[in-house]
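Trainee: Requesting a structural model of the entry that follows:
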Amino acid sequence: MTPRGKAALFVCVVSCAAFANSFSGRFVFDDIHEIERNSRLERLLPPWEAMFVGNRLPARPLPYLTFAVDRRLWGIEPFGFHLTNLAIHVVSALALFEIARLTLLSPRLRDRWGDRAVAIAATIAAIWAVHPLQTQSVTYVYQRIESLHGMFFLLALAAFARAAACGWQRRWLGWSAAATAAAMASKETAVVLPLVILSWDWCFAAAGRPEAIRSRGRWYALLAATWAILALHVLAQGGKFLEFRRTTRSPLDYAVTQPGVILHYVRLAFWPVGQQLEYSGWPIARLPAALPAAATVLTAAAVAVAGLIRCQPWGWLGTAFFLTLAPTSSILPIDALANEQRMYLPLAALVAACVVGTVALAARLAARFGRDESVTRRTLAVLAGGGLLALSTATWVRNGAYASVEGIWSDVLAKDPDSYRAHWAIAALRDEAGDAEAALAHALRTLELKPSSRVLLDMAGRRQAAGDAAGAEALCRRCLEIQRRSLPADDPDLLTTAGDLAVAVYLQGRLEEAAAICREFFPAMERVRGPDDPATVAALVILAEATGTADPAAAERLAREAFMRATRPGQPSQTMAANAAGVLATILERNGRLDEAVAIRRRLATDVERTLGPGHPRSQEAAARLAMAMAAQCSASGDHAGAARLHRLLVDALTRSLGAEHPDTLAQRQRLEAAEAAARAAQ
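Mentor: Next comes the predicted model:
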């Protein structure tokens with residue numbers, strides 16, 4: 001095996017060893033809603049349903065497609081998802097190894113580093129791969145979005161570096177362009193990838209010659225064209241980005257806070273102690289207290305750019321570090337002030353600078369003090385081995401925190417008592433465990449820290465699923481009461497709470513009370529949340545049913561509008577579509593439009609059975625309602641015998657499932673007797 005092959009194998013082995021215990025990690029945080037409970041991932045065909053429809057968060061096309069593939073292969077068993085995450089990370093490490101090797105072998109650096117390029121590149125890739133800062137991108141399944149984007153990012157740069165080394169062969173440039181497009185389809189932070197490639201070209205291939213860059217103008221135009229993928233994605237998914245739905249803080253506040261966040265990232269890179277799953281309690285920085293951190297970061301960025309302009313290799317590393325951080329750590333007020341997965345790519349620049357700098361310093365010291373070069377290399381190898389062992393151990397320990405959902409959130413809460421997400425997660429865990437008092441305490445603390453949170457609504461959903469409609473209503477009312485005191489009347493989250501309250505009341509049979517809630521909030525729902533938002537559509541369904549016999553034409557118009565909105569492409573809730581279809585069919589039956597009602601109920605029954613299976617209670621209910629509509633259709637057309645046959649099947653089914661004396665069975669038996677009487681009369 002060649003030295004290059006041995007080095008690549010070494011990188012693979014140490015990467016797998018460091019994350020070998022990640023397979024015990026559970027689904028946490030966004031994993032639960034976006035993977036475990038995302039019904040769009042249950043089937044691969046058509047693929048765009050998985051790629052473009054998230055649950056609560058915006059879907060990134062390629063990561064969500066891989067989630068759907070994993071769901072097909074493994075179900076909802078986390079082991080398989082962790083296996084895929086690790087495979088992506090290993091490929092990323094190998095791409096980084098190739099980038100570092102080709103950079104050190106570039107004409108500008110070959111004379112100085114060529115004989116050690118493979119060893120140095122392997123060290124850079126291995127340290128980067130096993131660093132505990134990478135656990136959030138590898139062990140936290142949902143952050144595959146970050147690692148998959150990082151993999152394509154590094155592959156694009158590696159292919160470009162290979163093209164530069166091979167006389168600009170088109171196949172390598174083609175692979176680079178394809179990887180760039182894939183990165184754009186993975187995460188929005190790939191927007192800086194063409195700039196990173198351009199800066200590498202300027203520093204190592206063009207060597208500061210503008211005419212060399214201009215000669216590749218068509219190639220860079222192709223790279224720039226991949227930004228269209230991002231533009232289309234943001235336009236399509238914009239409503240699900242929290243940053244676009246509401247302004248939680250100003251760009252100035254965010255920008256002033258980020259230097260401190262960046263210095264925290266750098267501290268974790270050198271001393272990875274005190275890591276957290278999330279930083280929702282990170283405070284907004286204020287001037288002039290933030291000036292020292294801002295001055296440090298801005299000075300470092302200015303020095304890096306100046307070095308890049310002068311084609312200094314260290315200048316490119318510094319520029320790459322700040323470019324890869326820029327989309328999340330500049331002025332765009334992202335909902336989360338800090339997240340460790342944002343260091344997935346920037347960490348590579350820091351590691352490369354430290355490794356190359358250490359080797360260069362050791363060489364200078366050896367030359368100054370007359371040390372033998374072989375001794376120096378052995379010393380460096382021992383230092384690298386010790387560093388890898390220490391970092392791998394820290395990663396192993398950090399992975400262990402993900403083995404328990406409550407453990408990872410208790411870890412966050414111990415380090416940040418003001419983390420509303422930690423309180424939210426623990427409230428859910430306590431609620432699922434049946435400890436209602438502890439759950440409510442954490443939920444109320446969550447709302448105190450973040451009034452817009454859904455914590456009580458999530459608890460209400462669990463009550464509703466368990467059949468405790470009154471408990472669900474009480475939690476929705478408590479949440480709305482708190483939010484009315486803390487949020488403006490047209491706040492989108494308050495409107496969602498109002499919608500959930502209306503549904504909770506509606507499901508208890510208090511239609512007029514539910515409709516009154518909808519009438520109060522519906523105009524704001526349409527204006528703020530949008531006409532196709534699930535809360536808006538649910539309110540429209542309730543209003544349609546409440547209009548009822550008082551105004552049959554208006555009821556039908558509202559029901560048709562709700563059904564159209566609920567079944568538009570991209571709607572994430574199949575339940576909402578089913579409810580809208582059921583209400584429309586009921587109103588059509590009442591208005592005598594039986595043929596259309598039967599067609600809708602047939603489609604509904606087919607969809608529910610395909611999704612849930614024929615034995616599911618909802619499938620059986622949909623089939624029963626279809627049979628009743630068909631029986632009414634038969635009666636209307638004079639086929640009373642056909643109606644009687646359908647009613648008889650319904651009586652038999654209800655007798656088996658509910659019992660002969662159940663009120664629903666008895667009511668259906670009366671319909672059967674009436675149909676049989678009509679059939680006898682017709683004879």
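Trainee: For His640, see how far away Leu380 is.
Mentor: 93 Å (CB to CB, to the nearest Å). Bear in mind the C-beta positions are built from the backbone N, C-alpha and C, glycine included.
Trainee: Check Ala515 too.
Mentor: From Ala515 to His640 the distance is 37 Å (CB to CB).
Trainee: Next: Ser452.
Mentor: Ser452 is 57 Å from His640, by CB to CB.
Trainee: helices or strands up against the one helix or strand Leu429 maps to?
Mentor: Using DSSP states H and E, Leu429 maps to helix 420-432. For helix 420-432, the contact count by 3 or more CB pairs under 8 Å, 6 or more residues apart in numbering; DSSP states H and E identifies helix 405-415, helix 436-449, helix 455-465 as packing neighbours.
Trainee: picking up where we left off before, more neighbours: Ser452 and His640, which one.
Mentor: His640 (21 against 18; other CB atoms under 10 Å).
Trainee: what sits against that one?
Mentor: For His640, the contact set (CB atoms under 8 Å, 6 or more residues apart in numbering) comprises 634, 675, 678-679, 681-682.
Trainee: Next, report how far the helix or strand harbouring Ala381 is displaced from the centre of its chain.
Mentor: If you go by DSSP H and E, Ala381 is part of helix 373-401. Distance of helix 373-401 from the chain centroid (CA atoms, centre = their mean, to the nearest Å) equals 33 Å.
Trainee: relative orientation of that helix and helix 405-415 in degrees?
Mentor: Angle of helix 373-401 versus helix 405-415, following axes from the mean of the first three to the mean of the last three CA atoms, to 10 degrees, is 110 degrees.
Trainee: Please verify my assumption that Leu447 contacts Cys479.
Mentor: Yes - counting by CB atoms under 8 Å, Leu447 touches Cys479, with 7.2 Å between them.
Trainee: between the two, what contacts are shared?
Mentor: Counting by CB under 8 Å, 6+ apart, the contacts common to Leu447 and Cys479 are Leu456.
Trainee: Pick out whichever of the two has more residues nearby.
Mentor: Cys479 (28 against 22).
Trainee: Tell me the secondary structure at the more buried one.
Mentor: helix (DSSP: H, G, I helix; E, B strand; the rest coil).
Trainee: again, but for Glu211
Mentor: helix.
Trainee: Count the residues that sit near it.
Mentor: 7.
Trainee: mind checking pLDDT for it?
Mentor: Listed pLDDT for Glu211 reads 94.
Trainee: likewise Gly238?
Mentor: 61.
Trainee: Next: Phe244.
Mentor: 50.
Trainee: Report the separation between the closest residue to Ala125 other than its chain neighbours and Arg162.
Mentor: Among residues not flanking Ala125 along the chain, Phe97 sits closest, at 3.7 Å (CB to CB, 6 or more residues apart in numbering). Relative to Arg162, Phe97 is positioned 12 Å away (criterion: CB to CB).
Trainee: Comparing those two, which shows the higher neighbour count?
Mentor: Applying other CB under 10 Å to Phe97 and Arg162 shows that Phe97 carries more neighbours, namely 27 against 18.
Trainee: Just to check, the more buried one is in contact with Thr123?
Mentor: No - using CB under 8 Å, Phe97 is not in contact with Thr123; the gap is 9.4 Å.
Trainee: Identify the residues contacting Arg326.
Mentor: Check again: residue 326 is Ala, not Arg. So Ala326 contacts Val192 (CB under 8 Å, 6+ apart).
Trainee: so what's the backbone phi/psi at it?
Mentor: phi -60, psi -40 (degrees, to the nearest 10).
Trainee: now do Cys166
Mentor: phi -110, psi 30.
Trainee: which residues touch it?
Mentor: Applying CB under 8 Å, 6+ apart, the residues near Cys166 are Trp172.
Trainee: now the one 10 residues further on
Mentor: Neighbouring residues of Ser176 by CB under 8 Å, 6+ apart: 156-157, 159-160, 163, 197.
Trainee: Show me just the buried residues among those residues.
Mentor: 156-157, 159-160, 163, 197 (16 or more other CB atoms under 10 Å).
Trainee: closest to Asp664 among those?
Mentor: Nearest to Asp664, judged by CB to CB, of the buried ones among the contacts of Ser176 is Ala156 at 61.5 Å.
Trainee: Where does the closest one sit: helix, strand or coil?
Mentor: helix.
Trainee: Model confidence for it, exactly?
Mentor: 98.
Trainee: I figured it hits Ile197, correct?
Mentor: Yes - with contact defined as CB under 8 Å, Ala156 counts as touching Ile197 (6.8 Å).
Trainee: what's the overlap in contacts for the two?
Mentor: Common neighbours of Ala156 and Ile197 (CB under 8 Å, 6+ apart) are 176, 180.
Trainee: which one of the helices and strands packed on helix 420-432 is the most hemmed in?
Mentor: Most buried of these by mean neighbour count (mean count of other CB atoms under 10 Å) is helix 455-465; its value is a mean of 20.
Trainee: and the angle from that helix to helix 436-449?
Mentor: 140 degrees.
Trainee: can you pull the contacts of the closest residue to Asp411 other than its chain neighbours?
Mentor: Excluding its sequence neighbours, the residue lying closest to Asp411 (CB to CB, 6+ apart) is Ala401, at 5.4 Å. The neighbourhood of Ala401, defined by CB under 8 Å, 6+ apart, consists of 407-408, 411.
Trainee: what's the closest of those to Leu501?
Mentor: Nearest to Leu501 among the contacts of Ala401, with distances taken as CB to CB, is Ile408, at 31.8 Å.
Trainee: one step back: quick check: the two most widely separated of the contacts of His640?
Mentor: So, the contacts of His640 by CB to CB: farthest apart are Cys634 and Ala681, at 14.8 Å.
Trainee: and the two? which has more neighbours close in?
Mentor: Between Cys634 and Ala681, Cys634 has the larger neighbour count (other CB under 10 Å), namely 22 against 8.
Trainee: list the contacts for that one?
Mentor: Per CB under 8 Å, 6+ apart, neighbours of Cys634: 640, 642-643, 646.
Trainee: redo that, cut-off 7 Å
Mentor: Residues near Cys634 by CB atoms under 7 Å, 6 or more residues apart in numbering: 642-643, 646.
Trainee: any idea how far it is from Ala653?
Mentor: 17 Å.
Trainee: swap in Ala681?
Mentor: The value you get for Ala681 to Ala653, if CB to CB is used, is 26 Å.
Trainee: ditto for Leu558
Mentor: Distance from Leu558 to Ala653, by CB to CB: 32 Å.
Trainee: what about those two, which has more around it?
Mentor: Legend: neighbour count by other CB under 10 Å for Leu558 and Ala653, higher for Leu558 (22 against 16).
Trainee: for the closest residue to that one other than its chain neighbours, what are its contacts?
Mentor: With sequence-adjacent residues excluded and distances taken as CB to CB, 6+ apart, Leu558 is closest to Ala544, at 3.6 Å. Contact analysis of Ala544 by CB under 7 Å, 6+ apart lists 555, 558-559, 562, 583, 587.
Trainee: Tell me the one among those nearest to Trp424.
Mentor: Ala562 (30.9 Å).
Trainee: Low-confidence stretches in the stretch 201-350 of the chain?
Mentor: 238-248 (pLDDT under 70).
Trainee: residue ranges of the helices in it, please?
Mentor: 210-214, 217-225, 227-237, 242-245, 251-270, 291-309, 313-325, 346-369 (DSSP state H, counting those that start in this stretch).
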